[in-house]
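Asks: pasting the sequence and the predicted model now:
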Amino acid sequence: MGSGSGAILEALPTLSAHRGKLGEAARTCCKPLKHPDCQTIIANLYVYAGLKSYEDTRISENAARFSEAQGMYSQYQQALAYFTPELLAIPDETLTQFIAQTPGLEVYAHYLDETARMRPYTLSEAEERLLAMASDPLDKFDSVFTAIDSSDLSFGTMIDESGDEVELTNSRYGAFLHSTDRDVREAAWKGLFEGYKTLNHTLAANYEGHVKSRVFLRALGALSPDWSTPPTPTPFRSRFSIISSQRHEKAARHCSAISNSEKKPSAWTG
């Protein structure tokens, strides 16, 4: 992936060089965070390669670049696997003292507070490294489904609102599902899932692998709701309540829209 990936590989030993030294002094505490070039490069590579691969998932060169970026990110995580466990091993009083006594370190105060909030869900260094190593292969189940869903699977054709025969695709499915013509909605719904049925055994086997990968993560204690979501002062139960309310409201709006469309004259529904 060019000079960007080379710069990351060169920086990895530098990131690991701070291992075992975070609690020695204030200036060494956040040194691994002071590698913006490395973080920026890997973020740019990952996002660019990912978006490029989704432009057309049938182009193998783009998929290969994204796979390389995913592997690069996994190596980056492995190099920093020691950081959070070691940082959380420093007493809170010491971290507070570091921030108070060291000019420039106060910019990390919020980051340190949020990291401390995740203490119950932080694994040991060895487990964090294992998790980082496993992240790339465990993500491949999603990659397999994306390749099937966006490249290999055909959903056939259907008749749209204008009476034209068009190919049914994932990108068109959403628009068809919100059509005021119930026949179009029905054709889109049936066409999509009839397409999936042609590969039901393959999809089921891939999903089984995905579920087993979650079981593996649970064995590491890495599947609690709070671990899986970004640090936030909002309790998980409150977030779950908000999500449930949004889903209920969306379902109600959808049913109302369908009901209203079916009450319209035939000139509207085709």
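Replies: Arrived safely.

Asks: contacting residues for residue 141?
Replies: 206, 207, 209, 210, 213 (Cβ atoms under 8 Å, 6 or more residues apart in numbering). Where C-beta positions appear, they are placed from N, C-alpha and C, glycine not excepted.

Asks: with residue 166 instead?
Replies: Contacts of residue 166 by Cβ under 8 Å, 6+ apart are 157, 158, 159, 160, 172.

Asks: wasn't it part of a strand?
Replies: Yes: the assignment for residue 166, made by DSSP: H, G, I helix; E, B strand; the rest coil, places it in a strand.

Asks: related to what we said a few turns ago, and the contacts of residue 141, which of them are in helices?
Replies: Taking DSSP state H, the ones among those that sit in helices are 206, 207, 209, 210, 213.

Asks: out of those residues, which comes closest to residue 65?
Replies: residue 206 (22.7 Å; Cβ to Cβ).

Asks: so that closest one sits against residue 144, correct?
Replies: Yes: counting by Cβ atoms under 8 Å, residue 206 touches residue 144, with 5.2 Å between them.

Asks: low pLDDT regions in the stretch 101-250 of the chain?
Replies: For the stretch 101-250 of the chain, applying pLDDT under 70 flags the ranges 219-243, 246-250.

Asks: what about the strands in it?
Replies: For the stretch 101-250 of the chain, the strands defined by DSSP state E, counting those that start in this stretch cover 157-159, 165-167.

Asks: please work out which of those strands is packed deepest.
Replies: strand 157-159 (a mean of 16; mean count of other Cβ atoms under 10 Å).

Asks: mind listing the helices for the stretch 151-270 of the chain?
Replies: 170-177, 182-197, 200-219, 225-228, 236-262, 266-269 (DSSP state H, counting those that start in this stretch).

Asks: swap that for the stretch 1-150 of the chain, sorry
Replies: Using DSSP H, counting those that start in this stretch, helices in the stretch 1-150 of the chain cover 3-16, 26-29, 36-55, 60-79, 83-88, 92-101, 109-117, 125-138, 140-147.

Asks: for those, give me CSV that also has distance to residue 202.
Replies: As requested, the helices of the stretch 1-150 of the chain are arranged in CSV below (distance: least, Cβ to Cβ, whole Å):
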stretch, distance to residue 202
helix 3-16, 33
helix 26-29, 49
helix 36-55, 21
helix 60-79, 18
helix 83-88, 38
helix 92-101, 50
helix 109-117, 41
helix 125-138, 19
helix 140-147, 9
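
Asks: and of the ones you listed, who's closest to residue 164?
Replies: Ranking the helices of the stretch 1-150 of the chain by their distance to residue 164 (criterion: Cβ to Cβ) puts helix 36-55 first, at 26.0 Å.
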